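1. Pasting the sequence and the predicted model now:
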Amino acid sequence: MVEDQQSINSILSFGAKSVSPDILERLLIGRERNAEYLFRSIEGIVNNGNNQQILIIGQRGMGKTHLLRILYHRCQPFIANKQLVVAYFAEEEYGVANYFDFLIRILYALIRWEVADKSHLEEQLTALQDVSTATQVSFAEKIIEDYMAGKPLLILAENFGDILNAIGSQEQGKLRAWMYKNNRVNIIATSQSISDDFDREDRPFYGFFNLYYLKSLSFKDSLNFLSSLAELDGRLDVVEHLKHKGRSQVRAVYELVKGNHRLLVTFYEFLKSDTLAKLSNHFIKTINDLKPYYETFIRYLPPQQQKIVRYIALSRRPQQGTSISKNCFIEQASLSKQLSELIRKKLIEPITDQTDKRNKLYDINEPLLRISIEVGEHKEGITALFVDFLAIYYDENELTNKILKFTDLLNNCQNLSEKKEFQYEILAIEKALKLKKSTGVQIIDTSTILKKINKLIDQDKCQEAQALLVREKENIAKGEYDDLLLRLYFLNDQFQEGVELFLKLDKTYIQKNHLYIHGAYGLFRLAKLKKDEELCSLSVANYEKAMKNNDNPEFVFSGLAHSLAFLADLKDDDTYYYRSFKLIQKAIELAPTHKNYLIDLAQWEIALAMKNKDRELADKGFAHLELASAYDQDNNKRLYGIWGGALSFASVYFQDTHFNIKVFLEKFGQLTLQQRLAIWKAFSTLHHFYLFDQLYALLQSDMQSYVGELNENMVEWITHILTYKKIKLQHEDLAFLRNATAEMMGSIPELRITQLYINTFEQYVLNGNKNAIYELPKEQRLFFEKYILGYGEILNENTVQR
Amino acid sequence: MAKTPFPLVPTIGTIPEGQIIGREDDIVKLLRLLRAQSISVEEMRRMGKSLLLLKLAYLCNKGLLPDEFKKDNFKAKYFSFQGQQDLGQLIKLLMEGLEDFKDWYQIDFSKTYEFVRGIFAAPEISVGEAKIHLNLPEYKKSWKDIFFKTLEDISTAQEKADGRLILIFDELPIMLWEWYKEGKHEEAMELLDILRERRQALEKKGIRFIYCGSIGIKVVLNTFRKDFKYTGEPTNEMVEFNLNPFSEAESNFLCECFILSGFKIMEEGKAESLKLVYNLSNGLPFYMSTLFNLLATDFNYQVDEATIREAYRLIINDPRHHKAFKQLIDRLEIYYPDDKKDEMIKLLNLISRQDDFIDEDSLHTQLDIDNKESLKESLYTLYGDHYLVRELREGKRFYFFKYPIFKEWWKINRA
Ligand SMILES: Nc1ncnc2c1ncn2[C@@H]1O[C@H](COP(=O)(O)OP(=O)(O)OP(=O)(O)O)[C@@H](O)[C@H]1O
Ligand SMILES: [Mg+2]
């Protein structure tokens, strides 16, 4: 255990190299699959005689050293069996200036790790020193090749990007040439990012390495990782703490470090000493420890890129390209190049602007990078940060308790400088408390995420909710995830995806979560989109299951009614309609004031009535519309649109009898001007002279209040009426229209042309004077021929306009 | 292909010479051509040039060639010139490679040895033992002589053996280009002259050259002609060999090898899956390897139609994975002047949006490139540089992307 303790200390001070392999294996949390994949490649080298060149890419602290160390350890049996030669570059390989240096590092690595052959290799190295410089390279190659003696060589190298950068393009060329000439040189290397050396056509290693990206740890992995650390550290109290309250703290840390191994280790210290009196000191120390580490991130950037990173970091929120350009004095043209470089280096992250999808915002990729820059920038920066951190890290109660505790300490303290510190502490905590109360949006644990998602849904921000859900997938139980995702798909009109998900779900799960009704609804919408009978039947079947499963009966009834009505349409089978009537009536019983159900019912009744010329049913339908109009909710447009439309259609289908339009006129007249405006617009898409005729008086008076708002609609309405073929317009109808246009022409000059159409129509259609169209100028003649004369069967008279 | 598949973990780097897949037909074609002349191979990066040549050398030297070549007595030596910084280093590289020839032909380097000693009056110099030291500036004037002398020794031995020796100079053009960029064009032209002067004489004695590179030696020559009025024709009478993608059989064989290394695939639907790989990758082994790499890392080694399509989508759409297309842009930027580059980009944008071949005139009317001659020239360059293929229809030239996978990438990421 002594050795373990030492190992743990090394881990805690970032020294993965001196940690015993067992412990490394035990801490391989979240990276098991990576290690497995890489080791399979090595097995390919040894067992199949293949070659492998892999570049592992991950930011600093993402566990690359750890992985290489594990690989090296797992190679031991191969090395012992003389099946593989491994050159493990365990040190940061500074000072590799050319290809020759690289070869020498290989030799050093062999000497360092292959204890048995040490003296032999050292002799060779001495011999090498005596060879003339020009010949040294080939001599070194030869030593290595002799040592390999037909076995494959595996080079495990860290920061390979830096090495390549240091040796330059030509020397890289020599290395690559060697790898093509000598058959068995393999490399598994790490790099923080993809530099030009891997990415430009004129560099030797362009497209040569298999790129293997490491992903950040998920929240769960992070939690497990910290628990294992605590376990190895012998801190069972911390392990226990992490099972309960500690979780949300880890959540806060996770938000900050985004699943970065090394940073998690740093915060483990913080977690461990939570009881300490002076939080801020500790926080500042942690940050200061991290600072140099982050500074290397930016130190080597070209000045423009440094400027950009600094600007975004200090803004503390994502920035638009234009504002970066302005504030950093960089021309737009070169900015985009710099930005994409920075993105490639993973220092900044592009985000789509939710308010304007065409825009991109740019943010610092790692929270702690921002923090380090802020800290470097000004002293009070750290206060603001500390406040932020506290607000995420503790809940309100804890913060209040801490204030009390510090106040106690303050009161009992004699030392002046300590007093000051306590005051600072209290001030910071108070600020944090205030911040927490004012924003209250910090995501801390699953239930908070879920709450946030539900809140977004309530606010009708379903897209955002879905994005958040998907982003937090790792942190939400699968059961909850699927359920929410399914609903969000439907809320966001992604019916195809939703249905696919639904059909994949387990039956008992669907039952338990009452998802039949959602699935059935999605199927219905998809069926409508695709006019697909099979999907529609499937929807019906699922509604029936929902009914058995006691899903919300009101919705089951109304939903099933809709599916059946649509099925009736698709199959042209009225019996479905009758079933659907019964069901919607049940829904009405459950929610008598729900106007939409009544409208649904009326709409289907009238449609069916027209199809079968069933006057009685039509009357029923109109009665239902009348009833619906009693519940004055906000859905006037739909009600009156359907009502007016139904009356118009009825005037065609039941030509011999008349319907009572009085109630309609009366109720319609009682609406506000504003409510009517939308409905006028809807009416203008109808083709019936009847409705225009009946409503003209009201329309005319309304027109005076809507200055200009209906101009286009009026032109459209009258043109539509002219195009309608089901009813033959008579001379007096045309006279009426002519009169109406003349009256409105004062405010709608466009109607002048409409009037021309009316006249031509009368001449051409009623008087049979085919030459009348030549009175029209060419474009209008073409329009007249094509649309007014030619427009015919496109309308489907069986469906009432919704 | 009668050989049985063997496990091969996908890689886009090197492959041991005994495991290089397919290319048998290409090698037969190459060798038939090599009976009569030297060859140049030019293709974009990562298309499989080096592995083809390595396999050629391997088959020659291991005596694994088809019977028709028994009497030709082919031997081959592969050199990669990448990174060689001057003639001195280059000659040293060649001489070090001669170790092998000593065994093959019992070449007597003593004459050269004497010769070199004569020039340098330096007793410790030896040739063929990797001990020669030619980098000091005072020796500079003699490089050419030494180089000739060495090649002569080889060719004489070669003539006696009545065989053919293929010297493969991989990355020759790139090396010259690097020299040019560093202002060492004098040296580059000197090398070109050496190769030109003696090539035919050496060829008569049974030596064959293969120049290989990802940029055309033509690009280098054109630049030299333009910038330095260079007039030599060092590649006259060399035929250009076109490297093709894998045939479907080769593609299937490579897939089988990959699969044996630990992928999961259902027997049912396997043939379709392999076909899909072949179609999506256009038979380019590099993309096949990339695709399988992704299947391993992102799709848990599962090979089926859905995962293949998804991996392909990543290759085309995810910038982390389509590195290897970047050369399409890079090449234009690196090897051509800006105005030419812009013109070629415009052309590629437009062509990438076509469903079929498009002719010069249509391109001219649809683009704001006034100078038709210049447009034609750009098209020709793109054709020569393997971006496009060309067809003659009723006397008109029609162009289209050479590989659909390039077109797809260009359309989505560039146009
Ligand atoms: N015959 C082959 N068998 C298997 N894989 C191949 C073969 N040819 C090419 N490849 C694949 O393509 C990659 C590139 O091949 P190669 O190194 O021969 O290309 P190249 O054209 O010489 O490239 P460069 O221009 O960069 O030198 C290989 O790593 C491998 O993934
Ligand atoms: Mg090559």
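-> Alright, I've got the coordinates. Ligands and ions are numbered 1, 2, ... in the order given.
2. And the helices in the stretch 301-450 of chain A, which stretches?
-> Using DSSP state H, counting those that start in this stretch, the helices of the stretch 301-450 of chain A run over A:303-315, A:321-328, A:332-344, A:367-377, A:379-393, A:396-411, A:416-439, A:446-458.
3. State the mean pLDDT of the fourth one.
-> Mean per-residue pLDDT for helix A:367-377: 71.
4. Please determine how far the closest residue to A:Leu756 other than its chain neighbours is located from ligand 1.
-> Distance criterion Cβ to Cβ, 6 or more residues apart in numbering or on different chains; nearest residue to A:Leu756, sequence neighbours excluded, is A:Leu776 at 6.4 Å. Every residue, glycine included, has its C-beta placed from N, CA and C. According to Cβ to the nearest ligand atom, to the nearest Å, A:Leu776 and ligand 1 sit 69 Å apart.
5. Could you list the contact residues of the stretch 1-150 of chain B toward chain A?
-> Residues of the stretch 1-150 of chain B lying near chain A by Cβ under 8 Å from any Cβ of the partner chain: B:6-19, B:45-46, B:50, B:54, B:78, B:80-85, B:88, B:92, B:96, B:130-135.
6. In helices, which of the residues you listed fall?
-> Mapping the residues of the stretch 1-150 of chain B next to chain A onto helices (DSSP state H) picks out B:Ser50, B:Leu54, B:Gly88, B:Lys92, B:Glu96.
7. List just the nearest of these to ligand 1.
-> B:Ser50 (3.2 Å; Cβ to the nearest ligand atom).
8. Near the closest one, how many residues? Count them for me, please.
-> 25 (other Cβ atoms under 10 Å in any protein chain shown).
9. in the stretch 201-350 of chain B, which spans are strands?
-> Remark: strands assigned in the stretch 201-350 of chain B by DSSP state E, counting those that start in this stretch are B:207-213, B:239-241, B:264-265, B:302-303.
10. closest to chain A out of those strands?
-> Nearest to chain A among these is strand B:207-213; the distance by Cβ to the nearest Cβ comes to 11.3 Å.
11. name the helices or strands packed onto that closest one?
-> helix B:24-36, strand B:39-42, helix B:49-61, helix B:143-161, strand B:164-170, helix B:172-181, helix B:185-204 (3 or more Cβ pairs under 8 Å, 6 or more residues apart in numbering or on different chains; DSSP states H and E).
12. mind checking the longest strand of chain A?
-> In chain A, assigned by DSSP state E, the strand with the most residues is strand A:185-191.
13. Kindly export it (C-alpha atoms) in PDB.
-> In PDB, the C-alpha atoms belonging to strand A:185-191 read as follows (Å, rounded to 0.1, in the frame of the first residue of the first chain):
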ATOM      1  CA  VAL A 185       8.700   1.100 -38.300                       C
ATOM      2  CA  ASN A 186       5.500   1.800 -36.400                       C
ATOM      3  CA  ILE A 187       4.400   4.900 -34.600                       C
ATOM      4  CA  ILE A 188       1.700   5.500 -32.000                       C
ATOM      5  CA  ALA A 189       2.000   9.100 -31.000                       C
ATOM      6  CA  THR A 190       0.100  11.800 -29.300                       C
ATOM      7  CA  SER A 191      -0.500  15.400 -30.200                       C
END
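14. At which residues are the strands of the stretch 201-350 of chain A located?
-> Taking DSSP E, counting those that start in this stretch as the criterion, the stretch 201-350 of chain A carries its strands at A:210-213, A:319-320, A:348-352.
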